[in-house]
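Student: sequence plus the predicted model coming up.
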Amino acid sequence: MGLKKWFVLLVLALGSFGGLASLGANPFLGTDTQVLPPPTNLNQGGPVPQFLVDWQKGFRDETAKLIDQWRTDPGLGVILGILLATFIYGLIHALGPGHRKSVVFSLFLGRQTPLWKPLAAGFLSAGIHALAALVLIFTLSLIESGVAKVLDVDQSSRWIEFISALALITLAAVLLVIKIVSTVLHLGHSHGPEGNTKSVWAVVISTSIVPCPGATMVLLLSIYAGVPWLGVLGVISMSVGMGIVIAAAGFLAWAGQGALFNRLKKHPRRVELVSNILEMVSYGFLLFIGLMLIQW
Amino acid sequence: MGGGVLASHPHMYLDSQVQLNFKDGRAVSATLTWVLDQFFGTSLVYDYDRNRDGKFSPTEISMLEREAFSNLKKYGYFVLLRSEKGRTSPPKVRDFTAFQNQGRLVYKFTIDLDPQVLGNSFYLAVFDTSFFCAVNYSSPAFSSVSLGGPLPPVQWSVVEDKNFPVYYNPKAPMSDKREYKQWQPGLLTAYPKEIWVKYGS
């Protein structure tokens, strides 16, 4: 992809990356006796077309209807309907602000990696995001000896989000300092144009452990209906849909750095310099994202 | 990347209907009826309809109000009232109740209005500035009833007035209820759909 085409795509995608949206907490839920972490940025960030909102609602309602339908009219059609509805819901939902697209994009902006890595990072992020919902509800249900209460799910999610933001800040700060020091001191150890790939997976995992509210709702609804396995299938399908969008963000970064480094390939020293700078910029941006998530 | 020029990125939805209550020809209160989306509503029914009889007892309603509604006080109960004197949100509500209707959870509550402040022409919006919840107006979005005395003629419509955006600071704590009359760097912009009401002659 040429650099100009990539830049145009990036500008168009910025609306999708939106603000520094966290998942936010449900404003309905909460009491004065709850012990809560410092509030995270509750705002969902940038604009989303009304038709996307309407579509999301439509697919959510359809999923709820199908889960309910299973009780009276079970069949393959219901299963396929749930898989399709949750897949499309995941796709549309991830197009809105948040969902770690900025994180994945930033991580791969300054690295020359094989294509499979940014794509894998996108699906890994979505998968962990959905798996976190499963683990949370399962754990709370065990503790409460019954189905997890939505208030407890919400409160736990707020704590997990806060811890995830702290992890992102810490990781990004440490990686940035290490990169700056090693670049300035020209230390022998270099990860090459691909950068430190272990750090990539660490950042992806730590920022994706926040349970997906959409997934928690699908799971709870399926548990109430007595078909938790249906909810699990729905969550897997939803995470595939979300993964496609987040992977696309990673692809965008990969394509951009590919175009950039293609232009620089005749100047190996410039490649190394630009690669180092971009890696520092990416860690700096990640640090900024983390700091903006928490209302200090 | 800024502002609610378009719409929210919601994780839940609700349908809202507003009933304006008149007494002696003046609008003295508004009763809001909210139908919550099936996902969130079903979770609350499961958690709070403890005896699973399809109804909420007074104790269950009290718990529901305390744990799954009262927190909205920090958000002005999603209500934005606009008149010539500016924009406000109700500090409190009364007569909260909840019930189940065709599998959906419904909240109903009343806010008091001050006719001296609002006058006989004002705007009421139900809008979540945290963008967690997408609000739709039911069909019809509005109705009026008299609690005593004759019911005056009432005009109403749902409008989106780009001249009166809501500016808000997405990074402000929930306790920050400042009203921003002008855009400043860092603020986002939203254009909530408002119900315009005019009554009397």
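Tutor: Received it, and whenever you're ready, just let me know what you need. Numbers count the residues shown, from 1 in each chain, chains lettered A, B, ... in the order given.

Student: do the helix or strand B:M63 falls within and chain A meet?
Tutor: B:M63 belongs to helix B:58-68 when elements are defined using DSSP states H and E. Yes. Using CB under 8 Å from any CB of the partner chain, helix B:58-68 reaches chain A at B:R66, B:E67, B:A68. For glycine as for every other residue, the C-beta is placed from the backbone atoms N, C-alpha and C.

Student: which ChimeraX command selects the buried ones in these?
Tutor: To isolate the buried members of the residues of helix B:58-68 next to chain A in ChimeraX, using 16 or more other CB atoms under 10 Å in any protein chain shown:
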select /B:67,68
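
Student: mind checking how far the residue nearest to B:Q38 when sequence neighbours are not counted is from A:G234?
Tutor: Of all residues not flanking B:Q38 in the chain, A:A64 sits nearest, at 4.0 Å (CB to CB, 6 or more residues apart in numbering or on different chains). The gap separating A:A64 from A:G234 is 10 Å, by CB to CB, to the nearest Å.

Student: okay, now the residue in the stretch 151-296 of chain A that chain B sits nearest to: neighbour count?
Tutor: Closest residue of the stretch 151-296 of chain A to chain B, CB to the nearest CB: A:M217 (3.9 Å). When neighbours are counted by other CB atoms under 10 Å in any protein chain shown, A:M217 registers 27.

Student: please apply the same query to A:M292.
Tutor: Count around A:M292 with other CB under 10 Å applied: 17.

Student: which stretches in chain B count as strands?
Tutor: B:12-23, B:26-36, B:79-83, B:86-88, B:94-101, B:104-112, B:121-126, B:133-148, B:154-159, B:166-168, B:188-190, B:194-199 (DSSP state E).

Student: near chain B, which residues of the stretch 51-200 of chain A? Just list them.
Tutor: Counting by CB under 8 Å from any CB, the stretch 51-200 of chain A comes close to chain B at A:52-53, A:56-57, A:60-61, A:64-65, A:68, A:93, A:96-98, A:147, A:149-151.

Student: next step: those residues restricted to strands.
Tutor: Using DSSP E, none of those sit in strands.

Student: wait, B:E65 sits on B:F96?
Tutor: Yes. Using CB atoms under 8 Å, B:E65 is in contact with B:F96, at 4.8 Å.

Student: and the residue of the stretch 151-296 of chain A closest to chain B, its phi and psi?
Tutor: Per-residue torsions, A:M217: phi -70, psi -40 (degrees, to the nearest 10).

Student: so what's it closest to, chain neighbours aside?
Tutor: Using CB to CB, 6+ apart, the nearest residue to A:M217 is B:F39, at 3.9 Å.

Student: which stretches of chain B aren't confidently modelled?
Tutor: Low-confidence segments of chain B (pLDDT under 70): B:1-9, B:169-181.

Student: do you know the pLDDT at A:T197?
Tutor: Note on A:T197: pLDDT of 68.

Student: distance from the centroid: which residue in chain B tops it?
Tutor: What lies farthest from the middle of chain B is B:N51; by CA atoms, centre = their mean that is 29.7 Å.

Student: quick check: closest non-adjacent residue to that one.
Tutor: B:S57 (7.6 Å).

Student: check B:L81 too.
Tutor: B:T88 (5.2 Å).

Student: before we move on, back to that, for B:L44, see how far away the residue of the stretch 151-296 of chain A closest to chain B is.
Tutor: Taking CB to CB, one finds A:M217 at 11 Å from B:L44.

Student: can you check A:V150 too?
Tutor: 6 Å.

Student: which residues do these two both contact?
Tutor: B:A68 (CB atoms under 8 Å, 6 or more residues apart in numbering or on different chains).

Student: re the thing from before, how many neighbours does the residue nearest to B:Q38 have?
Tutor: 23.

Student: would you agree A:S141 is in contact with A:D152?
Tutor: No. Using CB under 8 Å, A:S141 makes no contact with A:D152, being 9.7 Å away.

Student: which neighbours do the two share?
Tutor: Joint contacts of A:S141 and A:D152 (CB under 8 Å, 6+ apart) do not exist.

Student: list the contacts of A:S106.
Tutor: Residues near A:S106 by CB under 8 Å, 6+ apart: A:A253, A:S282, A:F285, A:L286, A:I289.

Student: brilliant, that's me finished.
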